[in-house]
Structure formats: structure tokens, C-alpha cells
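[1] Below is the sequence, then the predicted model.
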There are 2 protein chains.
Amino acid sequence: MTTSPLTVAEPSTPSFSPLYQQIKSLILQSLHAGEWKPGEPIPSEIDLAARFRVSQGTVRKAIDELSAENLVVRRQGKGTFVATHAEQHVQYRFLKLVPDSGDVDAEGPAEREIVDCKRQRASADVARALSLRTGDAVLQVRRVLAYRGTPTILEELWLPGTPFKGLTAERLTAWHGPMYALFETEFGVRMVRAEEKIRAVLPDASQAALLAVATSTPLLSVERVAYTYHDTPMELRRGLYRTDTHHYRNDLG
Amino acid sequence: MTTSPLTVAEPSTPSFSPLYQQIKSLILQSLHAGEWKPGEPIPSEIDLAARFRVSQGTVRKAIDELSAENLVVRRQGKGTFVATHAEQHVQYRFLKLVPDSGDVDAEGPAEREIVDCKRQRASADVARALSLRTGDAVLQVRRVLAYRGTPTILEELWLPGTPFKGLTAERLTAWHGPMYALFETEFGVRMVRAEEKIRAVLPDASQAALLAVATSTPLLSVERVAYTYHDTPMELRRGLYRTDTHHYRNDLG
DNA sequence: TAGTGGTCTAGACCACATA
DNA sequence: ATGTGGTCTAGACCACTAC
């Protein structure tokens, strides 16, 4: 391999990027462009090395980082696959609420009920969170999640109208499996990371009714913005969690 | 380098560990044993490679993982250093409470006030969290953290008595800087990771008084167990956070 | 100038999966 | 038997830091 790779890293260029970073970003582009679909394998390291005219080790390091960011999944002997929310053991990718007792349990809420799903115009704060303009079309979904008959999570979420054109309450209700898997397979929107802001709040009367608690019951307010590739916000979610029998679990490295 | 390394990895042994994992665990032992103190450099990759009779690349991969776990810090051209809570920009290693407004702010609470610090016997739940026996000696500390004069965090923490013999309210009050830095320099206890359980609660009368809020104000209850090397729990901390002007920020990968 | 970590390469062998 | 990712090595060169 003596010929030059795609982009020769100029020595002492002000903005310099290691070769493997350039390769990583090329692979990221292909992921985003949908060259390989979620769940499918990407080309082998050797193939990618040939394609980009670099060594296998350089491709390896690029994939190492993509793997660390959960964008791809390596499987020894089989290949490297585009990460997907479907076919994944974990039902709820970003949900950190777990029962106080069971730990190995690892089960998410069993019952889901869509309260409603309607198109509307983005309010100022929703628009800001989703990088839209106030008044742009958005989809609003409300639902309740229950553990063993006990309603525990009240969720309200907003999606940008354009990418999610055609999403209805019926399709949501008919869908069994992770909501993010539906977004992925039906709308080509893959959530890759999220930010949450957590507060303690008291519910208003309607919220309390949906969760079957008193309005004096403190609840966890979890506001999540989920992003797809290139840090594009694609979902705003506001959840109210009951924390009398469950808690939000967080690991700090 | 043709001679065998420390432990020859037997082929097809039931429990097999890659060489670099073995090296990592050897380095970890030295870290735990205090062979290199926090803030000090560890030997260069080449030296470690010679010491363990493996290639530099293998040592490199071991250090890569230690670095990803924040146990060491690499500095190009200078060396690899044992991570430390002192001399670190971040004042509060595990605190995720940030002002609603400021983001770049990155400032922790400016004022700290030790409410009290006393020796006592571990209750059942404190003992369980710290892997002690009920009745074992523990130190209990209570303090209030304030942002610009507004008390915002009420913290109650328990430390195992033996490793922290000699810790008093005076020493805590006299100490300026991160509490974990004091633990590190004065007691040789370095916290490397933590787990938090978060709930929404209402304060009792005394808690409300210390935070200057009504007993009807919902607060974030953050229970943290911090671990030193080898997953040994060394601190139980229960915090009550006001979330009217601040929020708990979490990034989900 | 010397030493450190950072990048890149090339090749060997291993473990795993599949046909 | 073949192809995949996983490990390990050895050596080259680069960038940063210190003396």
C-alpha cells in the first residue's frame, strides 16, 4: 500500500485529522446515507481497507470508535453490523427506570397505552428543542406505560412533522416492539444518542389522574431530546415517572 | 521478544484472557497498591512493555482501556499519569446538577457548609451499601451546598470508619477543594466510579428548613454509592437537590 | 536533542461462525 | 475450508514537551 489514500493528511496543516478519523467520518457518511441498513452487515475490515486505500488496522481503529458509540456492533466470526433498535434485546434503549427490588429483572413496562396522537403546530419551546421554527408542523403523542397493571410512566413526545409524515395513533397502537424500532424501519430515522434533564415536580390534576396518584405525589420529570446522526434532534420527550416503586438508575464513570 | 510473557495464555483454556487484559489487571494492581501515586506519571509504555515482556502495542491497548475508564490520563509528549481528583479542573467529579440557564458556566456550588460530622454505628441499610456489618463504625457527614447564596443541595454521607480514621468536621471545614481530593491525599482512598439511584421526594421539616423550602416542594433524591478500586464501596451519599433553578443533566449514549 | 505518547502499517496467528 | 473479527508483534514516522 504505497499509493496515497483519499485525502493525504498534509503535514503541519492547521486543522489536522488522523487518517482513522477521516475513515470514521467516511463510514459515518455511508451510515447516514443509508448505504447499509440497520441490522445489515457493513463490508469487512479488509474490504473497507481496500476501498479507502488504507491498512486494515486503520479501518479497525475507525470501527472501534463507531462501536464504542453504539453505531455499529461487532460480532466475532460474522462481521460488523449497523446497530438497530429492532432485534435488540433491550426493549427500551434509553429508559433508565428500574424496579426497586428486581435488578436482574431487566424487564421494561409490559403494557403500553397510546392516549392520543395528533398533528399540531410547534410551540416556541418545542420548536427550539427540535431546531424547528415556531408554528412548524409537529406530531404530538401521549401514552402511559404500566408495570404489572400499575401505570408508572406518563409520556408526552413531539416529533418533527416532515420526517414522520404518515405516523398515526393506529400505527403506533398496532406496533409491538420498541418505538424507536418503528421510527427506524418505517421512517428511516435512527436515534443514536440523547440528553436528559431531570427534575422533581408535582403533577397537575390530569397528569395525576392518568397515573392514578394524588397531586401531592412528587414525580420525576425527565425531559429527553434524542438525536439522529450529525447531532440532529429528532424527538422531544417529556416523561413523568412514579418513583415510589421504581428509581432512575445512573452509572457514573 | 520470543520468550514467554508472565503468564502464557493456554490455548483453548476454558477461562481465557487476552494478554492485554492481563497486563491491564497487573497495572491496576500497581495502581491499587499505590506503586504510583495520584498525579504522578506511570512508567512509559516502552518501560512497561519491557517489564511485562510484551510489545509496546499490547501495553498500549491495556492503557487505552484504563484511560477510557478515567483511571489514568495520557498527555502527549509528557507521559501517562495516575488520575487524581486534585489538580483537576472539575471541582465535582460526579455532580450532575447544573443551572437551568448557564451551560458553559460549568461552575459548581461556591459555598459549602458542614452541618455536622460524627462517628456512629452503621444502620442496616448503610451497612449493606458499604459492605459492612450492622453496628460497624461509620462516619456521618451532613452539609449544605449553595449557589450564590441559595442553598440548593443537602447532602448526608457515610464513610466506613476504618479507612477514614481521623476525619473530623474541622478538617472538612478547613479543606478547600473537592472532598474526593481530600479522601485521596489524606486517606489514600480514590473513588473511581459511582452508581446513583434517583427519585422524587418531599422533604421532612428539618430538611426543608436547611434548604429554605416548603415541605411541599418536590426535591430530587439522589442516592450515590461511590467505589474505589476492585468495586469496593467506600461512600454512601444521599443528596436532596432543589430543581426549581437547576436540573440533573444526563447524557445517554 | 531526546523522550513521550499518537498514528499507521504489515503480517502472523487465534477464535468463532458458517457452509 | 473459508472468511470474519480479535489479538499480538515489530517497526516506522509524526507531534508534542522538556532540557
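    Done, it's in.
[2] Those residues of the stretch 151-253 of chain A touching DNA strand C, which are they?
    By C-beta under 7 Å from any atom of the strand, no part of the stretch 151-253 of chain A sits against DNA strand C. (Each C-beta comes from the backbone N, C-alpha and C, glycine too.)
[3] And the helices in the stretch 151-253 of chain A?
    With DSSP state H, counting those that start in this stretch as the criterion, the stretch 151-253 of chain A has helices at A:169-174, A:179-187, A:205-211.
[4] where in the stretch 51-200 of chain A is pLDDT low?
    A:88-89, A:102-108, A:110 (pLDDT under 70).
[5] Please report how far the nearest residue to residue A:126 once chain neighbours are set aside lies from residue B:198.
    Take residue A:126 and drop its neighbours on the chain: the residue closest to it by C-beta to C-beta, 6 or more residues apart in numbering or on different chains is residue A:158, 5.0 Å away. Residue A:158 is 24 Å from residue B:198, where distance means C-beta to C-beta, to the nearest Å.
[6] Then residue A:238?
    Residue A:238 is 17 Å from residue B:198, by C-beta to C-beta.
[7] What's the local residue count around the residue nearest to residue A:126?
    Each residue near residue A:158 was counted by other C-beta atoms under 10 Å in any protein chain shown, and the total is 24.
[8] so it bridges to which residues?
    residue A:140, residue A:236 (DSSP bridges).
[9] and it, what does it touch?
    A:122, A:126, A:129, A:130, A:138, A:139, A:140, A:141, A:235, A:236, A:237 (C-beta atoms under 8 Å, 6 or more residues apart in numbering or on different chains).
[10] swap the cut-off to 6 Å and go again
    By C-beta atoms under 6 Å, 6 or more residues apart in numbering or on different chains, residue A:158 lies in contact with A:126, A:138, A:140, A:236.
[11] Between residue A:238 and residue B:198, which has more neighbouring residues?
    Under the neighbour definition other C-beta under 10 Å, residue A:238 and residue B:198 were set side by side, and residue B:198 has more, 26 against 17.
[12] Could you give the number of residues near the closest residue to the more buried one other than its chain neighbours?
    Spatial nearest neighbour of residue B:198, excluding adjacent residues (C-beta to C-beta, 6+ apart): residue A:248 at 4.0 Å. Neighbours of residue A:248 under the rule other C-beta under 10 Å: 23.
[13] just residue A:140 next, same as before
    Residues near residue A:140, counting by other C-beta under 10 Å: 16.
[14] okay, now the domains of chain A?
    As assigned by automatic domain parsing, chain A contains the domains A:19-82, A:97-248.
[15] any idea which residue sits dead centre in chain A?
    The centroid of chain A falls nearest to residue A:191 when counting by C-alpha atoms, centre = their mean (3.1 Å).
[16] Quick check: which of the helices of the stretch 151-253 of chain A is buried the most?
    helix A:179-187 (a mean of 19; mean count of other C-beta atoms under 10 Å in any protein chain shown).
[17] what's it in contact with?
    A:38, A:85, A:86, A:93, A:163, A:164, A:175, A:189, A:190, A:191.
[18] Taking those residues, please make a ChimeraX selection of just the buried ones.
    Listed next is the ChimeraX selection for buried residues among the contacts of helix A:179-187, using 16 or more other C-beta atoms under 10 Å in any protein chain shown:
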select /A:38,85,93,164,175,189,190,191
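[19] Redo the contacts of helix A:179-187 as TSV? Include distance to chain B.
    Converted to TSV, these look like this (distance: C-beta to the nearest C-beta, whole Å):
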residue	distance to chain B
A:38	17
A:85	13
A:86	19
A:93	8
A:163	21
A:164	21
A:175	22
A:189	17
A:190	14
A:191	10
